[in-house]
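Chemist: Here you go, sequence then predicted model.
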Amino acid sequence: MSKLLKINASLFSGNGQSSQLTERFVAAWQAGHPDTQVVERDLAANPVPHLDGTRFMAFVAKPEERSAEQQAVVDFSDALIAELRTADAIVIGLPMYNFGIPSQLKAYFDHIARAGVTFRYTANGPEGLITGKKAYILAARGGIYAGTPKDSQTAYVRDFLGFIGITDVEFIYAEGLNMGDESKNAALAKAHQSLAALTA
């Protein structure tokens, strides 16, 4: 049995355009891979706390010196990493908010970037430890930004995932969603075609 980790980052949970794209992706994926187990993480319905000094110090404390509160922080992070580590593929619904990724997705990233756990530093530079997986990023945007200097998302998400070892990353864009019905419908139709081709 394979495992697919679905992460929705929309503020609107399942009602966001990016979340609806992940639903369509999962349905198509399961049609071709009926034995797939889907693990869902909705970052709006179940937000990951934003990283602060207290939480960071829990990560770097020696295991034998952690307080009960620090251990709870680490256990939460470990559970997120276990979901990622055991997944064969990851699909992320990624809306664009004010030219960047949602803060709730950044909080998630901050909790899965753990030195010695998901990456390590070597004499040759950083090495990602979460390998052998493919990530699909379904990017929904009100305007048109792909391939322009205003697209800060693509490079950042690709770089972050690569840092922890996930280098096989594919982006599917649905852009111009707030530029009128014609633009929205055309963008979604194109995205749906891309999803169908990926999951065929």
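Modeler: Structure's in. What do you need? Residues are numbered from 1 along each chain as shown.
Chemist: quick one: stretch 92-106 to chain centroid distance?
Modeler: How far stretch 92-106 lies from its chain's middle: 9 Å, per Cα atoms, centre = their mean, to the nearest Å.
Chemist: Could you do stretch 79-89 as well?
Modeler: Here stretch 79-89 is found 11 Å from its chain centre; the criterion is Cα atoms, centre = their mean.
Chemist: Please save the CA atoms from that stretch in CSV.
Modeler: C-alpha atoms of stretch 79-89 as CSV (Å, rounded to 0.1, in the frame of the first residue of the first chain):
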residue,chain,number,x,y,z
ALA,A,79,4.6,13.4,14.4
LEU,A,80,4.6,15.9,11.4
ILE,A,81,7.9,14.5,10.2
ALA,A,82,6.7,10.9,10.6
GLU,A,83,3.8,11.7,8.3
LEU,A,84,6.2,13.1,5.7
ARG,A,85,8.8,10.4,6.1
THR,A,86,6.3,7.6,5.6
ALA,A,87,4.6,9.2,2.6
ASP,A,88,5.5,8.1,-0.9
ALA,A,89,4.2,11.3,-2.5
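Chemist: Pull the residues that contact that stretch.
Modeler: Contact partners of stretch 79-89, identified using Cβ atoms under 8 Å, 6 or more residues apart in numbering, comprise 2-5, 29, 39, 41, 48, 90, 108, 111-112, 114, 117-118, 130, 133-136. For the C-beta atoms, the positions are set from N, CA and C on the backbone; glycine is no exception.
Chemist: Same check on stretch 185-200?
Modeler: Residues from elsewhere that reach stretch 185-200, judged by Cβ under 8 Å, 6+ apart: 17, 21, 24-25, 28-29, 31-32, 136, 138, 170, 172-177.
Chemist: what's the answer for stretch 6-25, then?
Modeler: When contacts are defined by Cβ under 8 Å, 6+ apart, stretch 6-25 is touched by residues 26, 38-45, 90-95, 97, 101-102, 104-105, 108, 136, 138-140, 172, 174, 177, 188, 191-192, 195, 198-199.
Chemist: Pull out the buried members of the residues you listed.
Modeler: When those are checked for burial by 16 or more other Cβ atoms under 10 Å, the buried set is 26, 41-44, 90-95, 97, 101-102, 104-105, 108, 136, 138-140, 172, 174, 177, 188, 191-192, 195, 199.
Chemist: What mean pLDDT does stretch 193-200 get?
Modeler: Averaging pLDDT along stretch 193-200 yields 85.
Chemist: now the contacts of stretch 79-89: which count as buried?
Modeler: By neighbour count, with 16+ other Cβ under 10 Å, these hold 4-5, 29, 41, 48, 90, 108, 111-112, 114, 117-118, 130, 133, 135-136 as buried.
Chemist: Quick one: the helices in this structure, in order.
Modeler: Applying DSSP state H to the chain gives helices spanning 17-32, 53-60, 68-86, 103-112, 152-163, 181-199.
Chemist: Now do the second one: distance to the chain's middle.
Modeler: In terms of Cα atoms, centre = their mean, the gap separating the centre of helix 53-60 from the centre of its chain is 22 Å.
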